[in-house]
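Novice: Structure for this input, please:
(one chain, ligands or ions: 1)
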Amino acid sequence: MNMNQFDAVVVGAGPAGSIAALTLARGGAHVALIDKARFPRDKACGDLIGPPGVGLLSELGVRVEATRTVRDLRVIGFGGHEISMWCQTTDAYPDYASYVRRSGLDNALFNEAVRAGAVPIHGRIGDPIRHDCGRLIGVTLDSGRAIGAEFFIGADGATTRLGQIADLVDPARGLWCFAIRTYLPSSLDTPYIILWDEKPWKSFPGYGWIFPDGTGWANVGVGIGVGSNRSQGARATRELDGFIDRMAHRGLIETPASEDLPPRRLGGWLRMGLAGTKVAAGNVLLAGDAAALVNPYQAKAYPRPWPAAAPRQRPSLGHRPGRPRRTPPTSGTCSDGMKRLRPPSRPKPCGTCVWPRLRAACSPAGRSPTYLPNRWPSTWTS
Ligand SMILES: Cc1cc2nc3c(=O)[nH]c(=O)nc-3n(C[C@H](O)[C@H](O)[C@H](O)COP(=O)(O)OP(=O)(O)OC[C@H]3O[C@@H](n4cnc5c(N)ncnc54)[C@H](O)[C@@H]3O)c2cc1C
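Specialist: Numbers count the residues shown, from 1 in each chain. Here you go, the predicted structure:
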């Protein structure tokens, strides 16, 4: 079969895939960056990049247009009481988050990867192409085109096709979340996270958010954790209207006549906590949502794919000027080439888990600020 040959194929050009491709291309690798969507494309998201994500963008030298910088976060807990949390100051990353629409963020990262030399390929990956020994040597696209490589990075989101091809994911054991967002007018200047009881003593297994964008609009959404039972995901969509009504009643958002607005509701799956996922095997590595790297306590992640662990840790993979280009194995025993691109044995934690603190802060004992222990660090990271 005739195949276009690369050192590495990255499937998915969201933040995880574009950052992986960018880092590999800057390191001298011949990289294909495949996505089924044409960029710029929209993506369901709360549009808030947490401090580690802001730090990573600056490390990579990628400039994105943020419409708002965020330091404080308001949390409405069960019973309707509010607390403020401020962004934690650490040496590891900046003490602020940024509001950036995903179409802009993803487009900036995609363009940066292409500028660095990654070859953009439009298409949906379908079937694997394997060597006689079983090693993955290529993927086919829906157009029938075949793309070959020595290494493959699956950054194709929560429902990863590459992860299925490489037998790295078990959806039945996954920890799934479904979240949906819309945009509504709001004059808030602080983002809100909201928890509520569905009925007495039964909390909604997720949360809502209102993230103002600094231009008079807010990203408003609801996410629900459903364990491995994905049929429950539709509850988030059903819950959104009631959530909007309650927040409008509280004066946090306005509800314009819906006919004035373009349809802006968009939902998506998240896979969390590495559940049911093997992150790498053979010559395939998963990154971002495909690797279930979403923090289960926050349902947020701007993933730091391992090949992109830090610009100073250049991958040893690929072509460098003055060196011969490697050719893919055509016969004999397959060596485990991933040894050269091995991730650390554990993923880097996404930051301090804030959810248990949030929960405690909003629990009956913590409903009034006076009950919060003095030493309680009302801070957030994301
Ligand atoms: C409603 C909602 C709100 C969220 N809010 C936040 C937030 O405020 N902050 C935050 O940090 N995180 C948030 N998240 C999580 C965040 O969106 C994801 O963690 C992030 O997008 C993961 O990036 P990724 O690159 O791994 O995958 P994605 O961004 O999902 O990118 C995957 C890419 O792969 C492509 N692809 C998929 N299948 C194929 C295929 N077969 N062939 C070729 N290409 C393919 C897709 O077109 C897509 O471009 C939210 C998620 C949702 C759903």
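Novice: need the longest helix for the chain.
Specialist: Using DSSP state H to assign secondary structure, the helix with the most residues in the chain is helix 234-249.
Novice: Show me what counts as buried in it.
Specialist: The neighbour-count check on helix 234-249 (16 or more other Cβ atoms under 10 Å) flags 235-236, 239-240, 243-244, 246-247 as buried. All C-beta spots, glycine's among them, are computed from the backbone N, C-alpha and C.
Novice: Now flag whichever of those residues is closest to the ligand.
Specialist: Proximity of the buried residues of helix 234-249 to the ligand, judged by Cβ to the nearest ligand atom, is greatest for residue 236, which lies at 8.4 Å.
Novice: so the closest one sits right up against residue 266, yeah?
Specialist: No. Look at residue 236 against residue 266 with Cβ atoms under 8 Å: they stay out of range, at 11.9 Å.
Novice: Identify the contacts common to the two.
Specialist: Counting by Cβ atoms under 8 Å, 6 or more residues apart in numbering, the residues touching both residue 236 and residue 266 are residue 180.
Novice: show me what contacts residue 156?
Specialist: So, once contact is read as Cβ under 8 Å, 6+ apart, residue 156 ends up touching 11-12, 17, 125, 162-163, 290.
Novice: nope, residue 246 is what I meant
Specialist: So residue 246 contacts residue 196 (Cβ under 8 Å, 6+ apart).
Novice: can you start the count at 49 instead of 1 from here on
Specialist: In the new count, where the first residue is 49, that last one comes out as residue 294.
Novice: And it, how far from residue 236?
Specialist: 15 Å (Cβ to Cβ, to the nearest Å).
Novice: Could you do residue 54 as well?
Specialist: The value you get for residue 54 to residue 236, if Cβ to Cβ is used, is 46 Å.
Novice: ok, the two, which is more surrounded?
Specialist: residue 54 (26 against 17; other Cβ atoms under 10 Å).
Novice: Please confirm that the more buried one is located within a helix.
Specialist: No. Secondary structure of residue 54 (DSSP: H, G, I helix; E, B strand; the rest coil): strand, not part of a helix.
Novice: Quick check: beta-bridge partners of it?
Specialist: residue 197 (DSSP bridges).
Novice: So what's the residue count around the closest residue to residue 258 other than its chain neighbours?
Specialist: In space, and not counting its chain neighbours, residue 258 is closest to residue 240: 4.4 Å by Cβ to Cβ, 6 or more residues apart in numbering. When neighbours are defined as other Cβ under 10 Å, residue 240 has 23 of them.
Novice: Report the contact partners of residue 65.
Specialist: 58-59, 81, 83, 201, 203-204, 335-336, 353.
Novice: run the last query once more with 10 Å
Specialist: 58-59, 81-83, 154, 157-158, 161, 166, 201-205, 335-336, 338, 351, 353 (Cβ atoms under 10 Å, 6 or more residues apart in numbering).
Novice: what secondary structure does it sit in?
Specialist: Of the three states, residue 65 takes helix under three-state DSSP.
Novice: again, but for residue 70
Specialist: helix.
Novice: ok, and which of the contacts of residue 65 reach the ligand?
Specialist: Of the residues in the contacts of residue 65, proximity to the ligand by Cβ under 6 Å from any ligand atom holds for 59, 82-83, 203-205, 336, 338, 351.
Novice: Pretty sure residue 327 sits against residue 333.
Specialist: Yes. The pair residue 327 / residue 333 is scored as a contact, 6.9 Å apart, by Cβ atoms under 10 Å.
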